[in-house]
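# return a 3D structure for these sequence lines:
(2 chains)
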Amino acid sequence: MTKKVYLDYNATGPVLPEVLEAMLPYFTVEYGNPSSVHSLGQDAMEAVEDARDKVAELIGAEPNEVIFTSGGSESDNFAIKGFIQSLKGKKSHVITSAVEHKAVLESTRFLEDNGVDITYLGVDKSGRLDIDELKRAIIGDTRLITIMYANNETGTLFDIPSIGEIARDRGIAFHTDAVQAVGKIPVDVKRDKIDMLSIAGHKMGAPKGVGAIYVNGGLNPRPTPIIHGGHHEFNMRAGTVNVPSVVGLGASAEIAKNGLKKKGEMLKRLRDRLEAGILERIDNVQINGDLDNRLSNTSNMSFAYVEGESIMIDLDLHGICVSSGSACASDDISLSHVLEAMGVDPVIGQGTIRFSLGGGNTEEEIDYVIETIPKIVKRLRDLSPLSRAK
Amino acid sequence: MYSKKVIEYFENPVNVGKIENPDGVGRAGNPECGDTIELYIKVVDDRITDIKFKTFGCAAAVASSSMLTELVLGKKLDEALSVTKNDVADNLGGLPERKMHCSNMAEDALRLAIEDYRNNHGSKKAAD
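The predicted structure follows:
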């Protein structure tokens, strides 16, 4: 296979051709500043507002509840730090999970260093949260619950409607990092009683460096900006709007909305084919995550007796791009924080590979991976002192 | 991230396997928390005449193990002991800083294999 087989869509993906086409005029022709009063500026503003409508429609929000940002990390930082900041030093407690993205975990750690109490909820072997444990963690000072929509490593989906219900009942703000979910599955912020929701453009066919945060119009207080300056984005996020990328985000939201169901089914078929093919050909493999409730594009597999990074590099030498769930660094190989929180056996978990599929993948590519990976795992197992059985 | 040489030795490592009835065996690392290497040596007249390894670990660990075996094969034991992790890394065209422990592990395994040989055969000689 001469073309790369790209199975790392949870990391990022290509800008869709239709998205790029929609963006192009805004670099060189429609280059106005949406804050300018003249016609060129007003045209740019119109394009930004059109994109806002499309993003809002994708998640069931009102357009004035969507604020454009530089991406998922900024959205998470704004929601978490900005919301706690808005409480002006009031004693605060935040509930999150141990398996969040670093953008969430490092934001809560920053708050912790500044005197905010944080509860990190654990997960079970399948990566699921215990809703009763979440309820028990709530105390009088709990101001914010931030739980991801779908886990980036295993694809495990969290029970967002139940968490939204619990938070709304108790008057606690609820943020969800939905970077891996939006554009892959239907998301409805009103139905699920979500107060803040993070979106990243490059996970859904828009460019890197653009994203959005939904902020419920009724959320009180409003999160304090973390980037100060002009009156852009309803005074919530200063900085001249990245018009071409925002237009791209809008275009990708529209495409996602129209193709969600069909694409989800297509990806599930390919993912299931990949898993069945691998399980049939290789023994001592385990699939990590909640197999009944996960993103249809994601498969997280552990190959016993071999190390994940070496599988990843060998796959790369065969033109296949994936991620590994462990990093052999400093003086030990450490499991990812997600696998560790799930209690995955370290001897097995060190051989973890994440396959994440996207719209560009074909059955032919999946069959090539199914053909290639047994040879790689066999070679590495032959090299390994751990697989004495063979 | 990796040099061409690391990739070359990862793809086609030399001296992989086990030696039946080795004169010395060295094990380094820990499968619970990291890379593991097993190193087997044959010694004739104080010289390493055969060496084989098995490694569980990343590409750097495999390449370092292989390079070390190549560097010490045919050497006198004391010469072999003077080969350092930096020699291994240099011969691989360099290793990323956070992967230097991989070459360290290979060096540890060799030291243990030579110790093992000297413990077994030193006492044997005395008994003879």
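
# which helix or strand lies directly C-terminal to the helix ranked longest in chain A?
Once chain A is assigned using DSSP state H, the helix that runs over the most residues is helix A:243-281. For helix A:243-281, the succeeding helix or strand toward the C-terminus, using DSSP states H and E, is strand A:285-288.

# so which elements touch that next one?
Contacts defined by 3 or more CB pairs under 8 Å, 6 or more residues apart in numbering or on different chains; DSSP states H and E place strand A:285-288 against helix A:243-281, strand A:298-303. For glycine as for every other residue, the C-beta is placed from the backbone atoms N, C-alpha and C.

# try 6 Å this time
Contact partners of strand A:285-288 among helices and strands, from 3 or more CB pairs under 6 Å, 6 or more residues apart in numbering or on different chains; DSSP states H and E: strand A:298-303.

# now do the following helix or strand past the strand it packs on against strand A:298-303, angle only.
Following strand A:298-303 in sequence order, the next helix or strand is helix A:308-317 (DSSP H and E). Helix A:308-317 and strand A:298-303 are oriented at 110 degrees to each other (axes from the mean of the first three to the mean of the last three CA atoms, to 10 degrees).

# what about the residue of the stretch 101-250 of chain A found nearest chain B, neighbour count?
Relative to chain B, the nearest point of the stretch 101-250 of chain A is A:K102 (17.6 Å; CB to the nearest CB). A count of neighbours around A:K102, defined by other CB atoms under 10 Å in any protein chain shown, yields 12.

# what comes into contact with stretch A:241-257?
Residues outside stretch A:241-257 that contact it (CB atoms under 6 Å, 6 or more residues apart in numbering or on different chains) are A:19, A:22-23, A:26-27, A:34, A:44, A:47-48, A:51, A:54-55, A:58, A:68, A:183, A:201, A:204-207, A:210.

# same deal with stretch A:351-360?
Against stretch A:351-360 from outside (CB under 6 Å, 6+ apart): A:7-10, A:13, A:153, A:267, A:270-271, A:297-303, A:306-308, A:311, A:322-326.

# with just CA atoms, put that stretch into PDB.
Extracted in PDB, the C-alpha atoms of stretch A:351-360 (Å, rounded to 0.1, in the frame of the first residue of the first chain):
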ATOM      1  CA  GLY A 351       1.100  -3.200  24.700                       C
ATOM      2  CA  THR A 352      -1.800  -0.900  24.000                       C
ATOM      3  CA  ILE A 353      -2.700   0.600  20.600                       C
ATOM      4  CA  ARG A 354      -5.500   3.000  19.900                       C
ATOM      5  CA  PHE A 355      -7.100   2.700  16.400                       C
ATOM      6  CA  SER A 356      -9.400   5.600  15.600                       C
ATOM      7  CA  LEU A 357     -11.100   5.600  12.300                       C
ATOM      8  CA  GLY A 358     -12.500   8.400  10.200                       C
ATOM      9  CA  GLY A 359     -14.300   9.200   7.000                       C
ATOM     10  CA  GLY A 360     -11.300   8.600   4.800                       C
END
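
# list the buried residues for that stretch?
A:351-359 (16 or more other CB atoms under 10 Å in any protein chain shown).

# closest to chain B out of the residues you listed?
Nearest to chain B among the buried residues of stretch A:351-360, with distances taken as CB to the nearest CB, is A:G351, at 9.0 Å.

# how about the strands in the stretch 1-150 of chain A?
A:5-6, A:66-69, A:93-97, A:117-121, A:142-146 (DSSP state E, counting those that start in this stretch).

# ok now the second one, how far from the chain's centre?
The offset between the C-alpha centroid of strand A:66-69 and the centroid of the whole chain comes to 16 Å, using CA atoms, centre = their mean, to the nearest Å.

# how about the CA coordinates for it, as PDB?
Only the C-alpha atoms of strand A:66-69 are listed here, as PDB (Å, rounded to 0.1, in the frame of the first residue of the first chain):
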ATOM      1  CA  VAL A  66     -21.600  29.700  20.900                       C
ATOM      2  CA  ILE A  67     -18.200  31.400  21.500                       C
ATOM      3  CA  PHE A  68     -15.400  30.800  19.100                       C
ATOM      4  CA  THR A  69     -12.000  29.900  20.600                       C
END
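
# surely A:N216 is in contact with A:D195?
Yes - contact between A:N216 and A:D195 holds when scored by CB atoms under 6 Å: they sit 4.4 Å apart.

# higher neighbour count, those two?
Per other CB under 10 Å, whichever of A:N216 and A:D195 has more neighbours is A:D195, with 26 against 20.

# quick one: low-confidence ranges for the chain?
In the absence of a named chain, chain A is used. A:1-2, A:326-333, A:388-390 (pLDDT under 70).

# let's do chain B instead
B:31-33, B:123-128.

# which stretches of it form helices?
All helices of chain B, identified by DSSP H, fall at B:4-11, B:59-72, B:77-81, B:85-91, B:100-127.

# to what extent is the nearest residue to A:N235 once chain neighbours are set aside buried, counted in neighbours?
Once flanking residues are discounted, A:N235 sits nearest to A:P225: 7.2 Å by CB to CB, 6 or more residues apart in numbering or on different chains. Number of residues near A:P225 (other CB under 10 Å) recorded here: 19.

# buried sites along stretch A:104-114?
Here stretch A:104-114 shows A:104-105, A:107-108, A:111 as buried, counting by 16+ other CB under 10 Å.

# and these, which is closest to B:V72?
A:L105 (44.3 Å; CB to CB).

# any idea how far A:Y31 is from that closest one?
38 Å (CB to CB, to the nearest Å).

# before we move on, back to that, could I get the helices of chain B as JSON lines with distance to A:L380?
Compiled in JSON lines, those are given as follows (distance: least, CB to CB, whole Å):
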{"stretch": "helix B:4-11", "distance to A:L380": "10"}
{"stretch": "helix B:59-72", "distance to A:L380": "8"}
{"stretch": "helix B:77-81", "distance to A:L380": "27"}
{"stretch": "helix B:85-91", "distance to A:L380": "20"}
{"stretch": "helix B:100-127", "distance to A:L380": "15"}
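
# which of these is buried the deepest?
helix B:59-72 (a mean of 27; mean count of other CB atoms under 10 Å in any protein chain shown).

# now find how far off-centre that helix is within its chain.
Centre to centre, stretch against its chain (CA atoms, centre = their mean), the figure for helix B:59-72 is 7 Å.

# name the helices or strands packed onto it?
Against helix B:59-72 (3+ CB pairs under 6 Å, 6+ apart) you get helix B:4-11, strand B:47-56, helix B:85-91, helix B:100-127.

# turn these into TSV, including distance to A:N64.
Formatted as TSV, the helices and strands packed on helix B:59-72 follow (distance: least, CB to CB, whole Å):
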stretch	distance to A:N64
helix B:4-11	53
strand B:47-56	55
helix B:85-91	57
helix B:100-127	53
